[in-house]
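Trainee: My questions concern the predicted model and sequence given below.
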Amino acid sequence: MYVPLPGPEDRASILRALASKVNISEDVDLSALAKSPRAEGYSGADCAALLREAGLAVLRENTMYKRKLEARKGVIGPLQISKEHFEYAFDHVMPSVSKKDQKAYDRIRSRMARARSRGAVSVKTEENEKVATDPNPNASLNEEDTNM
C-alpha cells in the first residue's frame, strides 16, 4: 500500500500534535516550519525526529553546569524549544525518503492509478484454466507444498 508523504498542512498538523506536550517558545511558528522548503519531503516520523532533535538541542545548550550557575543566581528559566533549536534540528535531521525514491514511488502510484482506471485485466494461462476446470486443483501439488 502506498501512503504519500504529508504535504505542508499535514506536516503542520503532525508537528502541532507532537508539540502539544512540549514547551515551545512563542517565537516558533510550527505552520511556517512545516511549510518551509527545508521540511519538504519529511514524513510524520521525520517531523517527530525534528522535534526530538530540537528538544535535545535545548538540553545540550542548558548543561547541568549552566543550570547550576543560574540556580545560584536565582534565575532559572524554563527549558523551551526556540526557533534556533529548530534550525539546529533541520541541520541534523534529513528526510528519510530521498527525492529520487519519492519520484520512483510517484511513478509507481501513477502506473497503478492508470491500471485501475482501465479496469481489471485478466490474463489467461494454462494453469488458470486447469484450476478453473479441475475439481481438485491441489491434487497436482507436492506434499511439501500443502504443508506450509
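Mentor: Yep, it's here.

Trainee: show me where pLDDT drops low in the chain?
Mentor: Within the chain, the segments meeting pLDDT under 70 span 1, 64-65, 67-71, 73-77, 119-148.

Trainee: and the most centrally placed residue in it, what is it in contact with?
Mentor: Per CA atoms, centre = their mean, the C-alpha nearest to the average position across the chain is that of S43, at 2.6 Å. The neighbours of S43, taking CB atoms under 8 Å, 6 or more residues apart in numbering as the test, are 5-6, 95-97. The C-beta positions use only the backbone N, C-alpha and C, and glycine is treated the same way.

Trainee: Out of these, flag the one nearest to S110.
Mentor: Ranked by distance to S110 (CB to CB), the contacts of S43 are led by L5 at 15.2 Å.

Trainee: could you show me where the helices are in the protein, in order?
Mentor: Along the chain, counting by DSSP state H, helices occupy 8-18, 30-35, 44-61, 64-73, 83-92, 99-118, 126-133, 143-146.

Trainee: Burial check on S82, number of neighbours?
Mentor: 17 (other CB atoms under 10 Å).

Trainee: Which residue comes closest to it once chain neighbours are left out?
Mentor: Leaving aside its sequence neighbours, S82 sits nearest to S25 (CB to CB, 6 or more residues apart in numbering; 4.2 Å).

Trainee: For V58, see how far away that neighbour is.
Mentor: S25 sits 10 Å away from V58, going by CB to CB, to the nearest Å.

Trainee: shared neighbours, those two?
Mentor: 80-82.

Trainee: which one of those is nearest R114?
Mentor: Among the shared contacts of S25 and V58, I81 lies closest to R114 (CB to CB), at 44.3 Å.

Trainee: re earlier: close enough to count as contact, the residue nearest to S82 and Q80?
Mentor: Yes - the pair S25 / Q80 is scored as a contact, 4.5 Å apart, by CB atoms under 8 Å.

Trainee: Fine, thanks again, bye for now.
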